[in-house]
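A.B. asks: Predicted model and sequence below, questions to follow.
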Amino acid sequence: MTISIATTALVHPGVTFGDGTVVEDFCIIGAPPRGHEPGQLPTIIGPDAHIRSHTVVYAGNVIGCRFQCGNKVNIRESNTIGDDVSIGTLSVIEHNVRIANGVRIHSQVFVPEYCVLEEEAWLGPSVVLTNARYPASPGAKAALAGIRMSRRARLGANCTVLPGVVIGENAVVGAGSVVTGNIAPGMVYVGNPARPVRTVAETGAYNA
């Protein structure tokens, strides 16, 4: 088995690495979340992963094959991440998130708890997903509602998506848009609030 772990990386008990995994300098893998002891929650990282420097992966994550991340990524506990997933530099994935195969998350993206990103969903740089309808209000934590991005849904750079929204399959949301309601499958939305402007099929770049 060939696994390359930098001598400056900290790997907690209970972590399993697949063959071919590379862990760069100053990473922390399998960090126990609050209320748990080291090794209490198993952490599984599939083969051929490349985890770049200063990344923190908390315990309880199950990550598939060929995972890639940029520098200083933070992945909280108890997530399920599929095969061929890429997460860019300085992005944050909170806990209890489901990320399917082939998802691409660019740099400085925030994905809060209870979000679901289906196969080949694409999040541009600095996208912010939200899950608290009334932040810091009494009962806010009990009413969190994650975002669902359907298969091949795409969010342009700097989009903000409000809690509980569903982004339809194969939809595209333009850069800088604020998404306040569900996005229909196969449609292009832009603006604040985001509104439909045409179908994806009518957009020449997607028919090349």
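C.D. replies: Received, thanks.
A.B. asks: secondary structure element for Tyr189?
C.D. replies: strand 187-190 (DSSP states H and E).
A.B. asks: what does Arg151 give?
C.D. replies: Per DSSP H and E, there is no helix or strand for Arg151.
A.B. asks: who's in contact with it?
C.D. replies: Arg151 makes contact with Glu118, Glu119, Glu120, Ala121, Glu169, Asn170, according to C-beta atoms under 8 Å, 6 or more residues apart in numbering. Every residue, glycine included, has its C-beta placed from N, CA and C.
A.B. asks: what does Leu117 give?
C.D. replies: Counting by C-beta under 8 Å, 6+ apart, Leu117 has contacts Val97, Arg98, Ile99, Ala100, Val103, Ile105, Val111, Leu123, Met149.
A.B. asks: how does it look with 7 Å?
C.D. replies: Ile99, Ala100, Val103, Met149 (C-beta atoms under 7 Å, 6 or more residues apart in numbering).
A.B. asks: circling back to that earlier point, rebuild the contacts of Arg151 as TSV, extending it with distance to Ile45 and pLDDT.
C.D. replies: Shown next, in TSV, are these (distance: C-beta to C-beta, whole Å; pLDDT from 0 to 100):
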residue	distance to Ile45	pLDDT
Glu118	22	98
Glu119	20	98
Glu120	21	98
Ala121	21	98
Glu169	29	98
Asn170	30	97
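A.B. asks: which one among those residues gets closest to Ala201?
C.D. replies: When the contacts of Arg151 are compared for distance to Ala201 (C-beta to C-beta), Asn170 comes out closest, at 9.2 Å.
A.B. asks: can I have stretch 54-69 written out in PDB, keeping just the CAs?
C.D. replies: Written as PDB, here are the backbone C-alpha positions of stretch 54-69 (Å, rounded to 0.1, in the frame of the first residue of the first chain):
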ATOM      1  CA  HIS A  54      -3.500  23.000   6.100                       C
ATOM      2  CA  THR A  55      -6.800  21.200   5.400                       C
ATOM      3  CA  VAL A  56      -8.900  19.900   8.400                       C
ATOM      4  CA  VAL A  57     -11.100  16.900   8.000                       C
ATOM      5  CA  TYR A  58     -13.100  16.100  11.100                       C
ATOM      6  CA  ALA A  59     -14.000  12.600  12.200                       C
ATOM      7  CA  GLY A  60     -17.000  10.700  11.000                       C
ATOM      8  CA  ASN A  61     -16.500  11.500   7.300                       C
ATOM      9  CA  VAL A  62     -16.800   8.900   4.600                       C
ATOM     10  CA  ILE A  63     -15.100  10.100   1.400                       C
ATOM     11  CA  GLY A  64     -14.900   8.200  -1.900                       C
ATOM     12  CA  CYS A  65     -12.300   7.600  -4.500                       C
ATOM     13  CA  ARG A  66     -10.100  10.300  -6.100                       C
ATOM     14  CA  PHE A  67     -11.100  13.100  -3.700                       C
ATOM     15  CA  GLN A  68      -9.200  16.300  -4.300                       C
ATOM     16  CA  CYS A  69      -9.100  19.500  -2.300                       C
END
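A.B. asks: buried set for it?
C.D. replies: 54-61, 63-69 (16 or more other C-beta atoms under 10 Å).
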